[in-house]
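Q: fold the following and give me the result.
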Amino acid sequence: MKKFIGSLLLLVAIFIALWMFRERITDTFSWFGSQEAVTASMGRAGMWGPVSFFILFVLQVFLAFIPGQVLMVASGYLYGFWGGFLLSWLSLVAGGEAAYLLAHRYGRPFAEKWVSPGILTRWNKIAKGQGITFYAIALVMPFVPNDAMCYVAGLGRISHRHFSIANLIGRGMACVITSWIGAFGLQAPTHVWIIVTILALLALLTWQLARRFQGNSYAL
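A: Next up is the predicted model:
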């Protein structure tokens, strides 16, 4: 009975707090949904801007209401293509690694704190037996719950090493696209096109060499 009363009082206190600060909460959600607002705020943050971006990128893997795409485009706009790309890529990779390791360590009860059980069940079935290529694509495609796939991987049979490769590739492709949009819109200097093309070819060559020398050790 004491536990019930304590839980009831806690819920009442939370409800009162939410009501008292409803305007600030609404403003916060509106801020996250506005690319212009995010860009303006981070621009005023100066040297703390990249640190704030890094923290938000990592948190958005755990908190679904933080829109990663908005942050990725904003970082490209503020820090240019390469600065925005590296910032968003490294941050998202770090967040994905944390989600994988925590889900792998603490299991489904932990994952369900951040991802709905229905999504976990559905994508666990789809991802069963899949490897690097599947997860790399899943982490970049818009119709796939990208961040949730980090938890799915942690609960699945893909090794940490293979997931890390997929994480680097998938997040990298996503960050190239969004940083490009933030920095150049639909246009870019010729030298950027050349460098990106060379990097893409090198990535493809590295992937093919890895498959040849490692044989079946890389699950497809």
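
Q: please count neighbours and contacts with C-alpha atoms only from this point.
A: Noted.

Q: could you pick out the longest helix of the chain?
A: Taking DSSP state H as the criterion, the chain has its longest helix at helix 68-106.

Q: identify each buried residue in it, please.
A: Under the neighbour-count criterion of 16 or more other C-alpha atoms under 10 Å, helix 68-106 has 68-104 buried.

Q: mind giving me the packing neighbours of it?
A: Counting contacts by 3 or more C-alpha pairs under 8 Å, 6 or more residues apart in numbering; DSSP states H and E, helix 68-106 packs against helix 35-44, helix 48-60, helix 108-111, helix 146-155, helix 160-184.

Q: which of those has the lowest mean pLDDT?
A: Mean pLDDT across the helices and strands packed on helix 68-106 is lowest at helix 35-44; the value there is a mean of 57.

Q: contacts for stretch 133-147?
A: With contacts defined as C-alpha atoms under 8 Å, 6 or more residues apart in numbering, stretch 133-147 is touched by 61-62, 96, 127, 149, 153, 163, 165-171, 173-174, 219-220.

Q: show me the contacts for residue 156.
A: Shown in contact with residue 156 (C-alpha under 8 Å, 6+ apart): 124, 127-128.

Q: now do 6 Å
A: Contact analysis of residue 156 by C-alpha atoms under 6 Å, 6 or more residues apart in numbering lists nothing.

Q: for the closest residue to residue 60 other than its chain neighbours, the count of nearby residues, please.
A: Spatially, and ignoring its direct neighbours in sequence, residue 60 is nearest to residue 66 (5.1 Å; C-alpha to C-alpha, 6 or more residues apart in numbering). Each residue near residue 66 was counted by other C-alpha atoms under 10 Å, and the total is 18.

Q: same deal with residue 48?
A: By other C-alpha under 10 Å, the residues close to residue 48 number 12.

Q: least confident secondary structure element in the protein?
A: helix 22-32 (a mean of 47; mean pLDDT, DSSP states H and E).

Q: ok so, going back, what mean pLDDT would you report for the longest helix of the chain?
A: Average pLDDT, helix 68-106: 87.

Q: so how far is residue 50 from residue 96?
A: Residue 96 is 18 Å from residue 50, where distance means C-alpha to C-alpha, to the nearest Å.

Q: repeat that for residue 133.
A: Separation of residue 133 from residue 50 (C-alpha to C-alpha): 30 Å.

Q: who has more neighbours, the two?
A: More crowded of residue 133 and residue 50, by other C-alpha under 10 Å: residue 50, with 20 against 17.

Q: can you name the residues that contact the more buried one?
A: Residue 50 makes contact with no residue, according to C-alpha under 6 Å, 6+ apart.
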